[in-house]
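Novice: Below is the sequence, then the predicted model.
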Amino acid sequence: MKATQPVPKGFHTITPHLTVKGAQAAIDFYRRAFGAKELRRHAFGDTIAHAQLQVGSSMLMLMDEFPEHGTLGPRAGETGTVLHLYVPDVDASFKRAVEAGAEVVMPVEDMFWGDRYGIVQDPFGHRWSIASSCEELTPEEVMERAAKVFSTGDCGGD
């Protein structure tokens, strides 16, 4: 057996692993929406037991649902998880995701914490926040802006 690193090359210590109904369609969507590259696939006929994708500098794993084993994807609108994607151009990336079939949950806006940020939901029920960092703020500056936002209800930056 060949020795290996505890965290495989190209991975970070946390890697999202999504369960979807229709893994092949999800892979196709992630290619169109986020420029994903498929690196590995283990399938049983048309059922994908494991796929490894690269999105930017991060890895994403996904698989088809296996209801007989209690492995199900989210139902539309019923997920508490958001995958956060930092990109060089949030407006272009957000537009690309929507053109690929994502639904707008929150349009892109300048946010009080210094990011330009929006949220989409993919056709498989997973939510993605997409952002570009625009300002480097101190925690105190963020808190000052947050206090203003939560007193007025306006989420944007100055």
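Specialist: Nice, thanks for sending it over.
Novice: okay, CA-based contacts and neighbour counts for the rest of this
Specialist: OK.
Novice: Distance from the helix or strand hosting M59 to the middle of the chain?
Specialist: Per DSSP states H and E, M59 falls inside strand 58-64. Average the C-alpha atoms of strand 58-64, do the same for its chain, and the two points are 11 Å apart (CA atoms, centre = their mean, to the nearest Å).
Novice: Could you spell out the sheet neighbours of it, each with its direction?
Specialist: strand 17-20 (parallel), strand 47-55 (antiparallel) (DSSP bridges).
Novice: List the buried residues of the shortest one.
Specialist: Buried residues in strand 17-20, counted by 16 or more other CA atoms under 10 Å: 18-20.
Novice: nearest to D46, of these?
Specialist: V20 (13.6 Å; CA to CA).
Novice: For that closest one, which residues count as its bridge partners?
Specialist: According to DSSP bridges, beta-bridge pairing links V20 with D64.
Novice: ok, it - contacts?
Specialist: Residues in contact with V20 (CA atoms under 8 Å, 6 or more residues apart in numbering) are 26, 62-65, 72-74, 124.
Novice: mind listing what T47 touches?
Specialist: Residues in contact with T47 (CA under 8 Å, 6+ apart) are 23, 64.
Novice: And it, how far from V82?
Specialist: According to CA to CA, to the nearest Å, T47 and V82 sit 25 Å apart.
Novice: before we move on, what about G125?
Specialist: In terms of CA to CA, G125 sits 10 Å off from V82.
Novice: Geometric centre of this structure: which residue is closest?
Specialist: L83 (3.2 Å; CA atoms, centre = their mean).
Novice: Check what pLDDT that one gets.
Specialist: At L83, the predicted lDDT confidence score is 94.
Novice: Let me see the contact set for the nearest residue to H42 once chain neighbours are set aside.
Specialist: Once flanking residues are discounted, H42 sits nearest to H50: 5.2 Å by CA to CA, 6 or more residues apart in numbering. H50 sits next to 40-43, 61-64 when contact means CA under 8 Å, 6+ apart.
Novice: Kindly indicate which of those residues lies nearest T13.
Specialist: M61 (13.3 Å).
Novice: Tell me how many other residues surround the closest one.
Specialist: Look at M61: counted by other CA atoms under 10 Å, it has 18 neighbours.
Novice: what does A146 give?
Specialist: Neighbours of A146 using other CA under 10 Å come to 20.
Novice: Spit out the contact partners of it.
Specialist: 112-113.
Novice: Distance check, it against E140.
Specialist: 10 Å.
Novice: now T19
Specialist: 39 Å.
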